[in-house]
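>>> mind folding the following:
(one chain, ligands or ions: 3)
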Amino acid sequence: MKALTWHGRRDVRVESVPDPTIQEPTDAIVEITSTNICGSDLHLYEVLSAFLEPGDILGHEPMGVVREVGPVAAEHVRPGDRVVVPFNIACGRCWMCDRQLYAQCETTQNRQAGKGASLFGYTKLYGHVPGAQAEYLRVPQAHFGPIKVPVGPPDDRFVYLSDVLPTAWQGVVHADVPKGGSVTVFGLGPIGQMCARVARLRGAEQVYGVDLVPERLEMARRHGVEVINADVIDDVPGAIKDLTDGRGTDAVIDAVGMEAHGNPIQAFGHRVVAALPDAVGARLAERMGMDRLAGLTDSIATVRRGGTLSIVGVYTGAADPLPMLDLFDKGVQIRMGQCHVKRWIDEIMPHLLDDADPLGTEDFATHHLPLDEAPHGYEIFQNKQDGCVKVVLRPGTTSE
Ligand SMILES: NC(=O)c1ccc[n+]([C@@H]2O[C@H](COP(=O)([O-])OP(=O)(O)OC[C@H]3O[C@@H](n4cnc5c(N)ncnc54)[C@H](O)[C@@H]3O)[C@@H](O)[C@H]2O)c1
Ligand SMILES: [Zn+2]
Ligand SMILES: [Zn+2]
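Ligands and ions are numbered 1, 2, ... in the order given. Next up is the predicted model:
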């Protein structure tokens, strides 16, 4: 089959690789019809080289059709079922799964690396599981993971259940916006866009959105968000305080993550770490504060006293400098972490089955590309070229 493989910093290729096969009774094989590129893939593309090996297949936001099942997986899915596959791999039966903490599943946890549940296409730290930007995917723990969706509506209606939608949903739940309250979303990439839409859907009265990219600001504006262009406004937290009686918003969601714009010294650090030999780079990346923190520090400055900060963006540094005095003095509650995808599906699904499409799933992907054009997709998504906000790859299609 064909798959998108990683070869080095900003070097991904579509290559022929062996087809996946059933290896465990709990496995299924899914033929992929849509598979997205995520902001998390950009971290692999740019800074996390130390945790990858050439030839690794990336991708963790797929949907498709079940083609083969092991005997235990057959208790949940059958060949022909249309399914979305969550990005984290969980067993549904362990102590953590019983508490719906699927991102911490104890069956797939990576104890040696000291990390949570395994993830598709996400480095040696998270199980080294082949990813989903491919024609076929082996799905472990398929007696639990795959989400069955009805035949009829287009893939775009459901494919974001794999990551973006539940991640945004959890981010908004964590933000704990009071009814009729206010929230600021930092970063209007795919995750921030959906955080803003979900916040409105769940009753936030005032939603502010911050980014630097004009078409991302414009997309958010279309969905009722009051946008702030961080490229034009120097003091974003100050501007938001001016709009909120000097207090800041009740809640803030950081949907920026470790590659924020705005800190040239840390940006230089990223390039250095990405260029180092694996062993040294991995140590530095894990032990040192190599994250770019502009999104996070602005988030901390923007949340009102006694408010809640929900961190959805991914950070990796163990020694990131944080303004502890501000956090403590303001009495900020912080919640964060990887999304427990399946926990939120029942709450989200009715909105996807609503003909009115209240979450705007059909005003989201800016690019649908054949798998062959995935390297181009990575490039335009990273560089924010050609109006790119979200790329959906379609393995079954070919270039025109
Ligand atoms: N917690 C989870 O389970 C989970 C799941 C999926 C993605 N993520 C993470 O969420 C983050 C966002 O993902 P995405 O797909 O939207 O990626 P993205 O890279 O497209 O989005 C980041 C956005 O932040 C903007 N930005 C950069 N610096 C900023 C600043 N200083 N102030 C305001 N905006 C700034 C960028 O212009 C961009 O639009 C990533 O770190 C990703 O890894 C987390
Ligand atoms: Zn993702
Ligand atoms: Zn489990």
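>>> need the residues of this protein near ligand 1, please.
38-40, 42-43, 163, 167, 186-192, 210-213, 216, 230, 255-257, 260-262, 294-295, 298, 312-314, 338-339 (Cβ under 6 Å from any ligand atom). (Glycine included, C-beta is placed from N, CA and C.)
>>> filter those residues down to the buried ones.
38-40, 42-43, 163, 167, 186-192, 210-213, 216, 230, 255-257, 260-262, 294-295, 298, 312-314, 338-339 (16 or more other Cβ atoms under 10 Å).
>>> for this structure, which residues are neighbours of ligand 2?
Listed as neighbours of ligand 2 in the chain under the rule Cβ under 5 Å from the ion: Cys38, Ser40, Glu61, Asp163.
>>> just the residues you listed: which are in strands?
Using DSSP state E, no member of the residues of the chain next to ligand 2 sits in strands.
>>> can you add pLDDT and give those residues back as JSON lines?
Converted to JSON lines, these look like this (pLDDT from 0 to 100):
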{"residue": "Cys38", "pLDDT": "97"}
{"residue": "Ser40", "pLDDT": "95"}
{"residue": "Glu61", "pLDDT": "98"}
{"residue": "Asp163", "pLDDT": "98"}
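>>> quick one: which two of these are the most distant?
Ser40 and Glu61 (9.1 Å; Cβ to Cβ).
>>> if we can go back for a sec, which members of the buried ones among the residues of the chain next to ligand 1 are positioned in helices?
Gly39, Ser40, Leu42, His43, Thr167, Pro190, Ile191, Gly192, Arg216, Ala294, Gly295, Asp298 (DSSP state H).
>>> of those, which is the nearest to ligand 1?
In terms of Cβ to the nearest ligand atom, no member of those lies closer to ligand 1 than Gly39, at 2.0 Å.
>>> residue boundaries of the helices in the protein?
39-46, 95-98, 155-158, 164-175, 190-201, 214-222, 236-243, 264-275, 278-287, 294-302, 324-330, 345-353, 374-383.
>>> can I get the fourth one in CSV, CA atoms only?
Spelled out, that is helix 164-175. Extracted in CSV, the C-alpha atoms of helix 164-175 (Å, rounded to 0.1, in the frame of the first residue of the first chain):
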residue,chain,number,x,y,z
VAL,A,164,-10.3,17.8,16.6
LEU,A,165,-13.9,17.7,17.8
PRO,A,166,-13.5,15.7,21.1
THR,A,167,-10.2,17.6,21.8
ALA,A,168,-12.0,20.9,21.5
TRP,A,169,-15.0,19.6,23.5
GLN,A,170,-12.7,18.5,26.3
GLY,A,171,-10.8,21.8,26.1
VAL,A,172,-14.1,23.7,26.6
VAL,A,173,-15.3,21.4,29.4
HIS,A,174,-12.0,21.9,31.1
ALA,A,175,-12.3,25.7,30.7
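>>> I'd guessed Leu371 sits against Pro62; true?
No: applying Cβ atoms under 8 Å as the test, Leu371 and Pro62 come out as separate, 11.4 Å apart.
>>> quick one: Val198 and Ala168 touch, right?
Yes: between Val198 and Ala168 there is a contact under Cβ under 8 Å: 4.8 Å.
>>> so who does Thr398 touch?
Neighbouring residues of Thr398 by Cβ atoms under 8 Å, 6 or more residues apart in numbering: Pro370, Asp372.
>>> mind redoing it with 6 Å?
Pro370 (Cβ atoms under 6 Å, 6 or more residues apart in numbering).
>>> and it, how far from Glu205?
From Thr398 across to Glu205, the span is 47 Å (Cβ to Cβ, to the nearest Å).
>>> just to revisit the earlier point, so which of the helices of the chain gets nearest Gly360?
Across these, Gly360 has its closest neighbour in helix 190-201 (6.0 Å, Cβ to Cβ).
>>> for the closest one, name the packing helices and strands.
Applying 3 or more Cβ pairs under 6 Å, 6 or more residues apart in numbering; DSSP states H and E, one finds that helix 190-201 contacts helix 164-175, strand 182-186, strand 206-211.
>>> buried stuff in that helix?
Going by 16+ other Cβ under 10 Å, helix 190-201 has these buried residues: Pro190, Ile191, Gly192, Gln193, Met194, Cys195, Ala196, Arg197, Val198, Ala199, Arg200.
>>> so how far is that helix off the chain centroid?
Distance, stretch centre to chain centre, for helix 190-201: 13 Å (Cα atoms, centre = their mean, to the nearest Å).
>>> where does pLDDT dip in this protein?
261-291, 400 (pLDDT under 70).
>>> which one in it is furthest away from the centre?
Most distant from the centre of the chain: Asp245, at 32.9 Å, with distances by Cα atoms, centre = their mean.
>>> now the helices of the chain in JSON lines, with distance to ligand 3?
Listed next are the helices of the chain as JSON lines, based on distance: least, Cβ to the ion, whole Å:
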{"stretch": "helix 39-46", "distance to ligand 3": "21"}
{"stretch": "helix 95-98", "distance to ligand 3": "3"}
{"stretch": "helix 155-158", "distance to ligand 3": "24"}
{"stretch": "helix 164-175", "distance to ligand 3": "17"}
{"stretch": "helix 190-201", "distance to ligand 3": "24"}
{"stretch": "helix 214-222", "distance to ligand 3": "36"}
{"stretch": "helix 236-243", "distance to ligand 3": "40"}
{"stretch": "helix 264-275", "distance to ligand 3": "32"}
{"stretch": "helix 278-287", "distance to ligand 3": "25"}
{"stretch": "helix 294-302", "distance to ligand 3": "30"}
{"stretch": "helix 324-330", "distance to ligand 3": "32"}
{"stretch": "helix 345-353", "distance to ligand 3": "16"}
{"stretch": "helix 374-383", "distance to ligand 3": "31"}
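>>> domain ranges for the protein?
Using automatic domain parsing, the domain ranges for the chain come out as 2-163+340-394, 165-336.
>>> distance between the ends of the shortest one?
Just to be clear, that refers to domain 165-336. The stretch domain 165-336 measures 16 Å between its terminal residues, going by Cα to Cα, to the nearest Å.
>>> contacting residues for Ile311?
Contacts of Ile311 by Cβ under 6 Å, 6+ apart are Asp254, Met336.
>>> try it again at 10 Å.
Counting by Cβ atoms under 10 Å, 6 or more residues apart in numbering, Ile311 makes contact with 171, 174-175, 186, 252-257, 295-296, 299-300, 334-337.
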